[in-house]
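>>> Give the three-dimensional model of this entry:
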Amino acid sequence: GNAVVVKPSEVSENTAKLVADLLPQYLDKELYPVVTGGVPETTELLTQRFDHILYTGNTAVGKIVMAAAAKHLTPVTLELGGKSPCYIDKDCDLAVTCRRITWGKYMNCGQTCIAPDYILCDPSIQSQVVENIKATLQEFYGEDVKSSPDYERIINKRHFKRILGLLEGQKIAHGGETDEASCFIAPTILTDVSPESKVMEEEIFGPVLPIVPVKSVEEAIELINCREKPLALYVFSNNKQLIKRVISETSSGGVTGNDVIMHFFLSTLPFGGVGHSGMGAYHGKHSFETFSHRRSCLIKDLKMESTNKMRYPPGSQKKVDWTKFFLLKRFNKGRIGLVILAVLGVLAAVMTKVSFG
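Presented below is the predicted three-dimensional model:
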């Protein structure tokens, strides 16, 4: 197996400490050391020569990691972020759709890399979407969301203020309540959001859900494609052909149709980004492929040297003709092909032996 240096995020201090305390209890600390700390420690780590680097975080730091890795030609797997869109077709069960979106958006207070970042839907169903999400929020967290044991808080005050700044000038259809002392931001819905607004410029990574009205699936696809490629894409519709169309005409790290986030939990599917949302993929067998080197190995016998005369100098037209035959006929597919290739090889060896005396 591979030795691994683990560097937890300094933003999640408690989790980093837990990992640093637990990992040495179960794994060899010489082979799996945990490095805690902030930017200086990460910067020093990136000067070291690794066989592979996996980074999870934002795009800006991902570029720094990739630049550092390039100095040693170290391959990287980058799981970054992005604004993961969620298109809702008029032809779907809005109650079920909004319940699934609400779960995916507001879990961990919106602080998941593949949370639905914004909704695209027809203006005629925008109010229904809002009402269904509001009803689901009450179902999940009760009348007083702030006192709900199932609703989390923003990780720190820096991010609290960043998210708060995204609400400026927006039409708040629900939520908007905040408490800086506890880093609380209520589940918030924004309506009639312009694609050019500040809240649509960067990944929200918080409990704020903008709704951008679009009049058609064509407009939705165009809006998605004019932005950087997201880590995830979600489409809700009873029309499977429409879902397939959105998938085929857009690009994203992953896609889930008629649900959110669930593709992440299937170990049979690769998980990763594309473009600004990352590169490479892992999970399940894809992790073994990502963190392994496919090394080509060939061990031959020293016998039957006469069969190799065709590739040795001096050259002749007959050698060229036989080489073309083997290369162009491609009898190397399947068991029958191997048998045919073996027979031809024997014939070629006999003819070559006769030709060279």
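>>> give the contact list for the closest residue to Val260 other than its chain neighbours.
Of all residues not flanking Val260 in the chain, Gly104 sits nearest, at 3.4 Å (CB to CB, 6 or more residues apart in numbering). Heads up, the C-betas are built off the backbone N, CA and C, glycines and all. When contacts are counted by CB atoms under 8 Å, 6 or more residues apart in numbering, Gly104 touches 112, 115-116, 234, 260-261.
>>> tell me the secondary structure for Gly104?
Secondary structure state of Gly104, per DSSP: H, G, I helix; E, B strand; the rest coil, is helix.
>>> measure the residue nearest the centre of the chain to Gly175 for me?
The chain has Gly272 as the residue nearest its centroid, 2.2 Å off, counting by CA atoms, centre = their mean. To Gly175, Gly272 is 32 Å away according to CB to CB, to the nearest Å.
>>> Next: Val235.
For Val235, the distance to Gly175 - CB to CB - is 25 Å.
>>> For the two, indicate the residue with more neighbours.
Set Val235 next to Gly175 and count neighbours by other CB atoms under 10 Å: Val235 wins out with 26 against 21.
>>> Could you pull up phi and psi at the more buried one?
phi -140, psi 130 (degrees, to the nearest 10).
>>> Show me the shaky parts of the stretch 201-350 of the chain.
The stretch 201-350 of the chain contains residues with pLDDT under 70 at 329-350.
>>> Walking through it, point out its strands one by one.
208-213, 232-236, 254-257, 278-279 (DSSP state E, counting those that start in this stretch).
>>> Just send those strands back as TSV, with distance to Ile189 too.
Converted to TSV, the strands of the stretch 201-350 of the chain look like this (distance: least, CB to CB, whole Å):
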stretch	distance to Ile189
strand 208-213	5
strand 232-236	17
strand 254-257	21
strand 278-279	28
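>>> right, and these - which one's nearest Leu46?
Of all the strands of the stretch 201-350 of the chain, strand 278-279 sits nearest to Leu46, with 17.0 Å by CB to CB.
>>> quick one: contacts for the spatially closest residue to Ile204 that is not a sequence neighbour?
Nearest residue to Ile204, sequence neighbours excluded (CB to CB, 6+ apart): Asp117, at 5.7 Å. Asp117 sits next to 82-86, 203-204, 210, 230 when contact means CB under 8 Å, 6+ apart.
>>> Dump the residues you listed into CSV; add distance to Ala95 and neighbour count as well.
Below are the contacts of Asp117 laid out as CSV (distance: CB to CB, whole Å; neighbours: other CB atoms under 10 Å):
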residue, distance to Ala95, neighbour count
Gly82, 28, 27
Lys83, 25, 22
Ser84, 22, 29
Pro85, 21, 24
Cys86, 16, 26
Glu203, 28, 19
Ile204, 24, 26
Pro210, 21, 24
Pro230, 26, 27
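>>> can you put these in TSV and add distance to Leu164?
As requested, those are exported to TSV (distance: CB to CB, whole Å):
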residue	distance to Leu164
Gly82	21
Lys83	18
Ser84	21
Pro85	23
Cys86	23
Glu203	16
Ile204	12
Pro210	15
Pro230	24
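>>> Tell me the one of the residues you listed nearest Lys146?
Relative to Lys146, the closest of those is Ile204; by CB to CB it sits at 19.9 Å.
>>> if I pick that closest one, what's in contact with it?
Ile204 neighbours (CB under 8 Å, 6+ apart): 83, 110, 117-118, 163, 166, 210.
>>> now, among those, which is nearest to Glu143?
Gly110 (20.4 Å).
>>> and the angle for the helix or strand containing Arg99 with strand 208-213?
Here Arg99 sits within helix 94-106, counting by DSSP states H and E. Relative orientation of helix 94-106 versus strand 208-213 (axes from the mean of the first three to the mean of the last three CA atoms, to 10 degrees): 140 degrees.
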